[in-house]
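*Asks:* Sharing a sequence plus its predicted fold:
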Amino acid sequence: MVLASTENKIKKDLKICCIGAGYVGGPTMAMIAKQCPDIHVHVVDLNQERINRWNSHDLPVYEPGLDEVVREARGRNLRFSTQVDQAIAESDIVFIAVNTPTKSFGVGAGRAANLEFVEKCARQIAAVSKGHKIIVEKSTLPVRTAEAVKRILLNSTKEATFDVLSNPEFLAEGTAVADLLNPDRILIGGESDEAVETLASVYSRWVSRDRILTTNLWSSELSKLTANAFLAQRVSSINAISALCEATGADVDEVARAIGTDSRIGPKFLKSSVGFGGSCFQKDILNLVYLCEHFGLKEVAHYWEQVVVMNDYQKRRFSERIVRTMFNTVSDKKIAVLGFAFKKDTNDTRESAAIHVCRSLLDERAKLRIYDPRVPEEQIRAELLASFADPMGSVSEKHKQLVASNVTVLPSAYEAANQSHGIAILTEWDEFKTLDRTRLLESMLRPAFVFDGRSVLNREDWRNDGFEVHTIGKS
Ligand code: UDX
Ligand code: UDX
């Protein structure tokens, strides 16, 4: 590997480009641009519509506080465009933040990460680069992907030299701005000290040096997968206990509080739920499982796979509880679904537990009345249709018809609950905690069932007002 030029370290007019203007690339680059007014940041994407929205008042990613960050930097030192070649050619540092979904075909289908887009980026970078560039893996990738990226880069051009760094992003959706502003740590893995220092000097404008960790490339790549696996494992662990709580009369929130005060365990990420979702946890664990299998570590693969197995069980268990409680049939019954995003404060629905619960209820022929404060109707319908797709991605006419006739998307929780047999809370949006119970009860059929999949409601208050409340992790 050719060493980075020391010029970069002191370079004042550093130019950064990021390929991929998604949930990770967009907010991360906006924060770098906001904090470093002298650095030019150019975010590019193949998707023209997404770029148009980054250039408008209606950003494609909903994150509290993101509008202000973008507004401050856009037009000053932050650009969004589809001019991928030009952006790469002009930059000193190129971030790769394209998506790396689970492969849906061929070898490793259902487990391995699809690295097609990352490889295409590497080839495109090689094709248009001259001089020296630092290439940064921002996307979450299997261990040793940097090796492949390096080989593609070095073998594809003689006109440029490259350093490849791994710099995984740990932001969580819904709190992206706060996480980017005040990260627990920045992780940079790489072989060239100069390149690592150049990237570290960008973050050090607002992150203290003791929070910038440097490791070798492979440790950095693996740390990201491991962090997500551990976080997801905590959720699956508490969700496993929630099933036992429901069976025994213990209360999962009380158990979480009791164990969370042990400083060795800690209180965070112990909230029982209808199951974890999001674009990362499942994908990254399956990726880890695939890697372990690849290296012949069967027991390790099996161990981590159980985190996903438990999550699937939790989603299934919740919809089955609804059906069982509602006299073993929800056919033709109206169920208000409150929340469709995979967590609060985001418009992201990828792998949302709500999709699985809704699909199961549709299989039972329930009439769903869905409300989410941030997710548009087209997106809800597209996710539900996709949940019925076969491995080739096609949806039968029968299922299209089912989604068309049994799903209504409504503009408020009250309209969703109107004339319904029950309410299912699937995302913990704050507004659900302060719903007007009298108004809801008056419009619902009796018994007025409430299934709280996020344990956000005060059960006593709701029960006293006449609802029949069933909460995750409580009997
Ligand atoms: C990120 C990470 O980068 C991924 O590895 C991680 O595991 C999940 O989070 P995210 O930002 O959430 O992905 O993905 P997404 O919102 O889908 O954004 C990716 C963007 O890359 C899309 O806008 C897509 O159009 C763009 N893209 C994809 C390109 O510009 N070029 C490509 O070749 C492929
Ligand atoms: C996660 C990681 O937290 C982040 O560091 C990484 O960069 C990307 O993946 P994200 O998926 O955006 O972030 O959200 P996160 O807050 O981790 O929540 C993931 C899922 O777990 C959500 O569905 C959430 O509702 C669920 N969850 C989380 C629980 O059910 N209980 C908890 O206690 C915490």
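*Replies:* Great, that's in hand. All values derive from a computational prediction rather than experimental measurement. Ligands and ions are numbered 1, 2, ... in the order given.

*Asks:* Show me what from this protein comes close to ligand 1.
*Replies:* For the chain, the residues in contact with ligand 1 (Cβ under 6 Å from any ligand atom) are 19-25, 45-47, 50, 97-100, 117, 120, 138-140, 279-280. For glycine as for every other residue, the C-beta is placed from the backbone atoms N, C-alpha and C.

*Asks:* just checking, which of the residues you listed belong to helices?
*Replies:* The subset of these located in helices under the criterion DSSP state H comprises 25, 50, 117, 120.

*Asks:* got a list of what the closest residue to the third one other than its chain neighbours touches?
*Replies:* Counting by Cβ to Cβ, 6 or more residues apart in numbering, Val98 is the residue found nearest to Phe117 once chain neighbours are left out, at 4.1 Å. Taking Cβ atoms under 8 Å, 6 or more residues apart in numbering as the definition of contact, the neighbours of Val98 are 19-20, 22, 25, 117-118, 121, 139.

*Asks:* filter the residues you listed down to the ones near ligand 2?
*Replies:* Among these, no residue is within reach of ligand 2 (Cβ under 6 Å from any ligand atom).

*Asks:* between those, which is nearest ligand 2?
*Replies:* Ser139 (11.0 Å; Cβ to the nearest ligand atom).

*Asks:* The closest one: how many residues sit nearby?
*Replies:* Using other Cβ atoms under 10 Å, the number of residues around Ser139 comes to 26.

*Asks:* How much space separates it from Lys120?
*Replies:* Counting by Cβ to Cβ, to the nearest Å, the gap from Ser139 to Lys120 is 12 Å.

*Asks:* again, but for Asn239
*Replies:* For Asn239, the distance to Lys120 equals 37 Å [Cβ to Cβ].

*Asks:* again with Gly473
*Replies:* Distance of Gly473 to Lys120, given as Cβ to Cβ: 44 Å.

*Asks:* Give me the three-state assignment for the closest residue to Ser242 other than its chain neighbours.
*Replies:* What sits nearest to Ser242 in space, not counting adjacent residues and going by Cβ to Cβ, 6+ apart, is Gly473, at 3.4 Å. Secondary structure for Gly473, judged by DSSP: H, G, I helix; E, B strand; the rest coil, is coil.

*Asks:* if I read this right, Gly473 contacts Val252, doesn't it?
*Replies:* Yes. With contact defined as Cβ atoms under 8 Å, Gly473 counts as touching Val252 (2.7 Å).

*Asks:* Pull up the overlap in contacts between the two.
*Replies:* Applying Cβ under 8 Å, 6+ apart, one finds that Gly473 and Val252 are jointly contacted by 241-242, 245, 272, 455.

*Asks:* Narrow these to those in helices?
*Replies:* In this view, the shared contacts of Gly473 and Val252 that belong to helices under DSSP H are 241-242, 245.

*Asks:* picking up where we left off before, ranking the ones in helices among the residues of the chain next to ligand 1 by neighbours, who comes first?
*Replies:* For those, the largest neighbour count, defined by other Cβ under 10 Å, is 26 neighbours, found at Gly25.

*Asks:* close enough to count as contact, it and Ala97?
*Replies:* Yes. In this structure, Gly25 sits in contact with Ala97. The criterion is Cβ under 8 Å, and the distance is 3.4 Å.

*Asks:* Check which residues of the helix or strand where Arg321 lies are buried.
*Replies:* Secondary structure assigned from DSSP states H and E places Arg321 in helix 298-325. If you call a residue buried by 16 or more other Cβ atoms under 10 Å, then helix 298-325 has these buried ones: 301, 304-305, 307-308, 310-311, 313-315, 317-319, 321-323.

*Asks:* Same check on stretch 233-253?
*Replies:* 233-243, 245-246, 250-253.

*Asks:* Would you enumerate the residues in contact with the closest residue to ligand 1 within the stretch 351-475 of the chain?
*Replies:* Ligand 1 sits closest to Glu351 of the stretch 351-475 of the chain, with a gap of 10.9 Å, by Cβ to the nearest ligand atom. Under the criterion of Cβ under 8 Å, 6+ apart, the contact list for Glu351 reads 277-279, 281-283, 342.

*Asks:* Buried subset of those residues as a PyMOL selection?
*Replies:* When burial is assessed using 16+ other Cβ under 10 Å, the buried subset of the contacts of Glu351 is captured in PyMOL by this command:
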select buried, resi 277+278+279+281+282+283+342
